[in-house]
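S.K.: Need coordinates for the below:
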Amino acid sequence: MRAAGAFAVAVLAAVLTGCAAGAPAAKPTSASPSASATATGDALPDPRTITGPSTAASIAQIEPVEKNPKPSLPVTVTDATGTSVTITDTSRILALDIYGTLAETVVGLGLGDKLVGRGSSNTLDVMKDLPLVTQNGHELNGEAILALRPTLVLTDTTLGPREVQDQLRASGVPVVFFDPKRSIATIGAQTKAVAHAVGLDAVGDKLVKRTDEELVTAKADIAKLAPKADADKLRVAFLYVRGTAGVFFLFGKGMGADDLISGVGAVDVASAAGITGAKPANSEALLATNPDVFLMMTDGLESTGGVDGLLKRPGVADTLAGQHRRIVDMSDGQILSFGPTTPAVLRSLADALYRPGAVG
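M.R.: Have a look, this model is predicted:
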């Protein structure tokens with residue numbers, strides 16, 4: 001699993017580009033119990049008979065678990081690179097990773113007003129007007145970062161070039177690296193690590209508790225939508241694409257997508273086929289897995305010409321998903337974030353899978 005996780009991070013860092021919100025907004029469960037993906041009492045169709053594409057609503061906001069928290073500083077941490085970092089000031093924070101997780105967590109802890117910039121993965125409303133400090137997708141812009149005079153940078157190895165983060169450290173800015181692996185199982189530890197770095201351990205515990213409770217509720221509600229029998233469950237493949245050339249992968253075990261798909265009561269066909277990490281989505285691989293649904297990032301789908309462009313790729317139109325045009329997409333900066341928004345992400349995806357177009 002350690003090797004698979006490292007490979008997953010390497011693949012994501014190499015191929016993920018241009019994350020941006022591209023879907024309508026939905027309130028997360030942390031703001032209030034969402035009507036999304038709850039039992040309505042209405043009979044739902046067999047999800048395998050649903051045809052056509054659908055877009056899962058993106059998450060517009062996170063309700064802070066505590067308003068105006070008071071960080072207990074200074075704090076010294078040993079980060080994921082083994083470096084000892086002392087934090088004395090959280091008044092100007094940058095939280096930058098390829099998934100959007102770190103900034104989401106800062107907002108959930110109640111320090112959203114301390115964020116002074118954003119990366120292209122940060123799609124929450126509270127950050128939409130902040131200066132962008134990444135370029136060409138996920139490349140850190142050192143000059144733009146230094147111009148914001150951050151007092152703390154939270155990051156990981158999914159963004160680069162590493163020289164920029166090293167330059168920030170050399171200039172005296174505290175830079176804290178976190179574990180880059182993401183899954184539902186890592187949410188609690190990641191949240192606590194971020195909370196500790198900003199001097200809010202107790203608030204972090206509260207955020208973990210709330211997220212855990214929301215995950216339990218979300219999964220229980222989703223179970224009312226998803227077929228019970230294994231033979232009836234949707235067979236889903238996470239398809240990663242950028243453009244019309246060679247960036248075209250099936251995400252298998254250890255890429256986070258397996259957790260996402262099982263979380264919405266479906267079967268991850270890539271993991272079931274023994275695929276670990278990312279595998280080129282050639283005709284052979286697509287036909288061998290033959291999913292009912294392709295799950296994709298919104299910008300990735302758009303980059304390949306939308307549904308029609310995707311169906312022109314070798315092997316796609318021959319799958320069940322291709323024949324039924326069953327593609328579900330969601331905002332690039334949220335679908336694999338695995339943070340405080342994950343319960344709402346699961347609900348939104350469940351709606352798109354089991355009752356597309358439903359309201360409430």
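S.K.: so what does the longest strand along the chain touch, helix or strand wise?
M.R.: Longest strand of the chain, by residue count under DSSP state E: strand 235-242. When contacts are defined as 3 or more Cβ pairs under 8 Å, 6 or more residues apart in numbering; DSSP states H and E, strand 235-242 packs onto strand 247-251, helix 257-263, strand 267-268, helix 269-272, helix 283-289, strand 293-297, helix 298-303. Glycine gets a C-beta too; all of them are placed from N, C-alpha and C.
S.K.: what's the burial count for the residue nearest to Tyr240 when sequence neighbours are not counted?
M.R.: Of all residues not flanking Tyr240 in the chain, Phe249 sits nearest, at 4.4 Å (Cβ to Cβ, 6 or more residues apart in numbering). If you count neighbours by other Cβ atoms under 10 Å, Phe249 ends up with 22.
S.K.: what's the answer for Asp113, then?
M.R.: 13.
S.K.: Please identify the buried residues of stretch 311-323?
M.R.: Leu311, Arg313, Gly315, Val316, Thr319, Ala321, Gly322 (16 or more other Cβ atoms under 10 Å).
S.K.: just these now: which is nearest Val194?
M.R.: Ala321 (36.4 Å; Cβ to Cβ).
S.K.: Downstream of the helix or strand hosting that closest one, the next helix or strand is which one?
M.R.: Following DSSP states H and E, one finds Ala321 within helix 320-323. Next helix or strand after helix 320-323 toward the C-terminus (DSSP H and E): strand 327-330.
S.K.: ok, which stretches of the protein are helices?
M.R.: 2-15, 101-109, 142-147, 162-170, 187-197, 201-223, 257-263, 269-272, 283-289, 298-303, 306-311, 320-323, 342-354 (DSSP state H).
S.K.: Name the stretch among the ones you listed that sits most buried.
M.R.: helix 101-109 (a mean of 30; mean count of other Cβ atoms under 10 Å).
S.K.: care to break this protein down by domain?
M.R.: Here the domain parsing of the chain from automatic domain parsing is 2-58+227-354, 75-210.
S.K.: from memory Arg48 sits against Asp292, does it?
M.R.: Yes. Using Cβ atoms under 8 Å, Arg48 is in contact with Asp292, at 5.4 Å.
S.K.: Spell out which residues are contacts of both of those two.
M.R.: Contact criterion Cβ atoms under 8 Å, 6 or more residues apart in numbering; residues shared by Arg48 and Asp292: Leu234.
S.K.: tell me which helix or strand of this structure sits lowest on mean pLDDT?
M.R.: strand 25-26 (a mean of 38; mean pLDDT, DSSP states H and E).
S.K.: Which pLDDT value belongs to the residue lying closest to Ala144 once chain neighbours are set aside?
M.R.: With Cβ to Cβ, 6+ apart as the criterion, Ala144 has its nearest non-adjacent residue at 4.5 Å, and that residue is Val133. Note for Val133: predicted pLDDT of 96.
S.K.: got the contact list for Val133?
M.R.: Contacts of Val133 by Cβ under 8 Å, 6+ apart are Leu94, Leu96, Gly117, Arg118, Gly119, Leu140, Asn141, Ala144, Ile145, Leu148.
S.K.: In strands, which of those residues appear?
M.R.: Per DSSP E, these map to strands at Leu94, Leu96, Leu140.
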